[in-house]
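Colleague: using only what follows, build the 3D model:
(one chain, ligands or ions: 2)
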Amino acid sequence: MEPASFSSLLPEQDKPPTPGRQRVSVLLPMPFPGPFDYVAPTNMPLKAGDIVVVPLGRRRETGVVWEPNPALPADFAPPPQRSVDMARLRPVAELLDLPPLSAELRHFIDWVAAYTLSPPGMVLAMTLRLHMRGVPTPSTGWLPVSPLPDTLRITPARQKILDLLQDGTARTTTDIATAAAVGPGVVKGLADAGALKAVKLGPERPFAAPDPHHNPPVLEGEQATATAALHETVDNGGFSVTLLEGVTGSGKTEIYLEAIAACLEKGKQALVLLPEIALSAQWMQRFTRRFGTQPAIWHSEVGQRARRLTWHAAANGSATVVVGARSALFLPFENLGLIIVDEEHESLFKQEEGVIYNARDMAVVRARLSGFPIALVSATPSLETLANVEAGRYRHLILPSRHGGASMPETRIVDMRDHPPPRGLFLSPALTEEMAATFDRQEQAMLFLNRRGYAPLTLCRACGHRMECPHCTAWLVEHRAKKILSCHYCDHTEPMPPTCPTCGAENSLTAIGPGIERITEEARNLFPDARILVMASDTLGGPAATAEAVAKISRREVDLVIGTQIVAKGWHFPHLTLVGIVDADLGLGGGDLRAGERTIQLLHQVAGRAGRATTPGRVLLQSYTPEHPVMQALLSGDFDAFMAQEAAQRRPGFWPPYGRLAALIISAEDAREADSTAAELGRKAPYGEGIQVLGPAPAPIAVLRNRHRRRILLRTVRSIAVQPILRRWLGMVKPGKGVRIDVDIDPVSFL
Ligand code: ADP
Ligand code: ZN
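Modeller: Ligands and ions are numbered 1, 2, ... in the order given. Predicted structure coming up:
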């Protein structure tokens, strides 16, 4: 396709408005290599950033008036467009009544596109596809009546809603349920009881302004020092990166909320990126406690209407604090002055599909391009971030101890070789004894296993057949309650077969290994009286249900929580004193560069749920490799020493963060096509000092959704950027039929 000429060569009926003299480039939110040229009608003078509707073939599309970005290094800039004769250009059809995209945001979009080797239109799509056209229809909000009906029965859940609505802001049922961490039924119940009155929420529902003076905390010692330092970077303005590091429960959240307060006082907007915002009801409550109202929320599970409101409110400045998932980074803020990236080490910040980018890293870029401060927050910072601290690029604030005298949990390793669980079971006596003692003290326990379902492998005892996904190189996971086998890499599910599909043997299919469903079964048999709550993404039905589950734990209506990585999120469970890690070795296998780092981050986070209040906590790690550096580091709590060791291992080979890494994933439905393109890339591989190419090799998941996958890694020393090399390299190779080449800069997943 000829980019520059494409739109102009198809004559259409849309003759008026009369074309004027002004040539404009318009970037469309689509995978073209660059913007297309149009002509502005004389009565429609246009400037860069204007959001317009233009003809494209027979369709009309929304795009943005673009101009070349002077800040991009030549190697990074998209290829120049062929110029089309003015007379053949088609006119822009409409200028939309929306705030234009700022130069900062446009430069950011160009930058992300160039860095990730994505078409700029696909990055723009992250800003635009957000349904920003049209006026949202009004919906119903609730406010308390005054006085409340005499007959009203006040339950704790109802009280929470009334407390929340005290600020006079009408909210939708969903918003109330999320913010107050109650089920939507409680809201309905209150309304039915005549305690709430319905009001129409206008389409322009302004976001109530968070008040920086509403309820400031008392900060002393280390907390006060860190707060002052962060406050200062916000006051001074200008680009800076601060790593706020502190053990779980040390008050990091409390402190960065103060940085947000400082930002609000300066009249600027703040953005908080959370890895799993849909699960952050507790975070919302804390925000509300501090600022008197909720922030604007942005993630994929927020309805379209709410998202549209947030988009507009970010653009016109009426949303002063937005908290969101990674895509919130592409909102068109009017006046952004601070970004906080909480749990900066989380691999969830990496988007693995479409535009493959790391929101943490791109957040730093956005802050740099716009010249404002950013804070990265973690109990277990990534090696990337620590390396930036060491190189003097990032500032480092440390909170070494838990707030309010809470102690760090005492950690013990259960050597599973010496203390194996009973045959066919997975909980060692050492762990179950601790659980019994915990229940006796009326305290709560948690079991963590990062694996959904009943068992990760189903094997025929007669012939050895393994149940595998027909579309992926992956075992099928048994989900016993649903009586199905399911692939965790694609959508494939099938009923559990009655006999072995290969040899036909009856009753020969055996579950191998545990998932949390199986652990739950074991725990039920051991502790029939314990009230058990299972927390996994597939068993909890969405944010409201998760909030309700968390509220139940806080209210002590649960004795034992069994969960996957959902339980590792920043929850504060004051009565939880025992955490059992069922399989601490899980995640250490495989050739992943960051396996150790990631395991320690996850397990530390899980362990951090124990003993967050005054009663001390205990953590038991079940492991078959207690001597492993990860186990030893968890035992000693010496995260720094472990990371220093990781650094020492990666440095000599120029592995990230001491060198640069990019992955090419070559995939096709036809294995031979994938192989021949991969081989061609191998033959044309770049070479030179400081440049190394590894592969092609079959990907660990060699077939995914019916596509055969090959991988190539490009590794360079830090002083050599990978993008220009990749651009030249990819330009030399024509992908075979049906072959897709995905470029993953700074890969975190090696599947
Ligand atoms: P982190 O984010 O480091 O895990 P939090 O900010 O969540 O730590 O703090 C842990 C708990 O201690 C929270 O319940 C928080 O409200 C409380 N807390 C921390 N600092 C203070 C403070 N200065 N005053 C009152 N409560 C605090
Ligand atoms: Zn599959």
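Colleague: following the helix or strand containing Glu232, which helix or strand comes up?
Modeller: Assigning secondary structure by DSSP states H and E places Glu232 in helix 221-236. Of the helices and strands lying after helix 221-236 in sequence (DSSP H and E), the nearest is strand 240-246.
Colleague: picking that back up, and the helix holding Glu232, what's buried?
Modeller: Across helix 221-236, burial judged by 16 or more other Cβ atoms under 10 Å covers Glu222, Gln223, Ala226, Thr227, Ala229, Leu230, His231, Thr233, Val234. From N, CA and C alone the C-beta is placed, and that goes for glycine too.
Colleague: what's in contact with that helix?
Modeller: Under the contact criterion Cβ atoms under 8 Å, 6 or more residues apart in numbering, helix 221-236 has outside partners 219, 240, 242, 244, 246, 250-251, 254-256, 258-259, 262-263, 266, 337-338, 373, 375, 395, 397-401, 403.
Colleague: how about a cut-off of 6 Å?
Modeller: Contacts to helix 221-236, defined as Cβ atoms under 6 Å, 6 or more residues apart in numbering, come from residues Leu219, Ser240, Gly251, Ile255, Glu258, Ala259, Ala262, Cys263, Leu338, Pro373, Leu397, Leu399.
Colleague: can you lay out those as TSV showing pLDDT?
Modeller: Below are the contacts of helix 221-236 laid out as TSV (pLDDT from 0 to 100):
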residue	pLDDT
Leu219	92
Ser240	97
Gly251	92
Ile255	97
Glu258	97
Ala259	97
Ala262	97
Cys263	98
Leu338	98
Pro373	98
Leu397	97
Leu399	93
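Colleague: quick one, longest strand in the protein?
Modeller: strand 691-704 (DSSP state E).
Colleague: strand partners (parallel or antiparallel) of that strand?
Modeller: strand 707-717 (antiparallel) (DSSP bridges).
Colleague: distance check, the closest residue to ligand 2 within the stretch 601-750 of the chain against His471.
Modeller: Proximity of the stretch 601-750 of the chain to ligand 2 (Cβ to the ion) peaks at Arg705, 6.6 Å away. Here the criterion is Cβ to Cβ, to the nearest Å. By it, Arg705 lies 6 Å from His471.
Colleague: need the residues touching each of those two.
Modeller: Cys490.
Colleague: secondary structure element for the closest residue in space to the residue of the stretch 601-750 of the chain closest to ligand 2 that isn't next to it in sequence?
Modeller: Leaving aside its sequence neighbours, Arg705 sits nearest to Cys490 (Cβ to Cβ, 6 or more residues apart in numbering; 4.8 Å). Cys490 is part of no helix or strand, with elements assigned from DSSP H and E.
Colleague: do I have it right that Cys490 meets His471?
Modeller: Yes. In this structure, Cys490 is within contact of His471 by Cβ atoms under 6 Å, at 5.2 Å.
Colleague: okay, and the common contacts of these two?
Modeller: Arg705.
Colleague: what about stretch 633-642, how long is it end to end?
Modeller: 6 Å (Cα to Cα, to the nearest Å).
Colleague: and that stretch, which residues are buried?
Modeller: The neighbour-count check on stretch 633-642 (16+ other Cβ under 10 Å) flags Ala633, Leu634, Gly637, Phe639, Phe642 as buried.
Colleague: which one of these is nearest ligand 1?
Modeller: Closest approach between the buried residues of stretch 633-642 and ligand 1, by Cβ to the nearest ligand atom: Phe639, at 14.0 Å.
Colleague: ok, and what's touching stretch 547-566?
Modeller: 181, 183, 281, 439, 445-447, 450, 452, 516, 519-520, 530-536, 540, 571, 573, 575.
Colleague: run the last query once more with 7 Å
Modeller: Applying Cβ atoms under 7 Å, 6 or more residues apart in numbering, the external contacts of stretch 547-566 come out as 178, 181-183, 279, 281-282, 439, 444-452, 516, 519-520, 523, 527, 530-537, 540, 567, 571, 573-575, 602.
Colleague: host element of Arg727?
Modeller: helix 722-732.
Colleague: what helices or strands is the helix or strand just after that helix leaning on?
Modeller: Once the chain leaves helix 722-732, the next helix or strand it forms, by DSSP H and E, is strand 740-745. Packing partners of strand 740-745 (3 or more Cβ pairs under 7 Å, 6 or more residues apart in numbering; DSSP states H and E): strand 659-668, helix 722-732.
Colleague: helices along the stretch 451-600 of the chain, start to end?
Modeller: Ranges of helices within the stretch 451-600 of the chain are 516-526, 543-554, 595-607, based on DSSP state H, counting those that start in this stretch.
Colleague: comparing those helices by mean pLDDT, which bottoms out?
Modeller: With a mean of 84, helix 543-554 has the lowest mean pLDDT of those.
Colleague: which strand residues bridge Gln622?
Modeller: Val414.
Colleague: from Ile356, how far out is the closest residue to ligand 1 within the stretch 451-600 of the chain?
Modeller: Taking Cβ to the nearest ligand atom as the measure, the stretch 451-600 of the chain has His572 as its residue closest to ligand 1, at 5.0 Å. His572 sits 34 Å away from Ile356, going by Cβ to Cβ.
Colleague: check Gly249 too.
Modeller: For Gly249, the distance to Ile356 (Cβ to Cβ) stands at 34 Å.
Colleague: who has more neighbours, those two?
Modeller: The neighbour comparison of Gly249 against Ile356 (other Cβ atoms under 10 Å) goes to Gly249, with 26 against 21.
Colleague: residues contacting Pro656?
Modeller: By Cβ under 7 Å, 6+ apart, the neighbours of Pro656 are Glu384, Asp746.
Colleague: that older thread, give me the nearest residue to the residue of the stretch 451-600 of the chain closest to ligand 1, chain neighbours excluded.
Modeller: Arg612 (5.5 Å).
Colleague: again with Arg461
Modeller: Nearest one to Arg461, counting by Cβ to Cβ, 6+ apart, is Ser508 at 4.7 Å.
Colleague: just Gly608 next, same as before
Modeller: Thr248 (2.9 Å).
Colleague: ok, back up a step: can I get the helices of the stretch 451-600 of the chain in TSV with distance to ligand 2?
Modeller: Shown next, in TSV, are the helices of the stretch 451-600 of the chain (distance: least, Cβ to the ion, whole Å):
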stretch	distance to ligand 2
helix 516-526	19
helix 543-554	26
helix 595-607	23
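Colleague: surely Ala674 meets Ile666?
Modeller: Yes. In this structure, Ala674 is within contact of Ile666 by Cβ atoms under 7 Å, at 5.4 Å.
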